[in-house]
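In: here are the coordinates; sequence isn't available:
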């Protein structure tokens, strides 16, 4: 068996994007309404986050360096 890696490690978080495949839409709406519900004395449980897709881990894409040659031409080094 291969080695296991801690997904909460800083280096892992910096290099890969982890998608657990859950739909958090209802939870986000619940959080937005939480203050209003507290003020009105309503207590609603947090809705579940159903799994809608398979989990996937993909590498983060590095940003493209733009304007590098333009700056170099302005300086006169290229």
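Out: Looks like it arrived, so ask away. Owing to the predicted nature of the structure, the values given are computational and were not obtained by experimental measurement.
In: Report pLDDT for residue 72.
Out: We have a pLDDT of 69 for residue 72.
In: What are the phi and psi values at residue 57?
Out: The phi and psi torsions at residue 57 (degrees, to the nearest 10) take the values phi -120, psi 120.
In: same question but for residue 31, I mixed them up
Out: phi -70, psi -40.
In: Could you tell me how many residues sit around it?
Out: The tally of other residues near residue 31 (other Cβ atoms under 10 Å) stands at 11. The C-beta positions use only the backbone N, C-alpha and C, and glycine is treated the same way.
In: cool, and residue 12?
Out: 13.
In: So it belongs to a helix, correct?
Out: Yes: assessed with DSSP: H, G, I helix; E, B strand; the rest coil, residue 12 lies in a helix.
In: Okay, residue 25 and residue 31: tell me how far apart.
Out: With the distance defined as Cβ to Cβ, to the nearest Å, residue 25 ends up 11 Å from residue 31.
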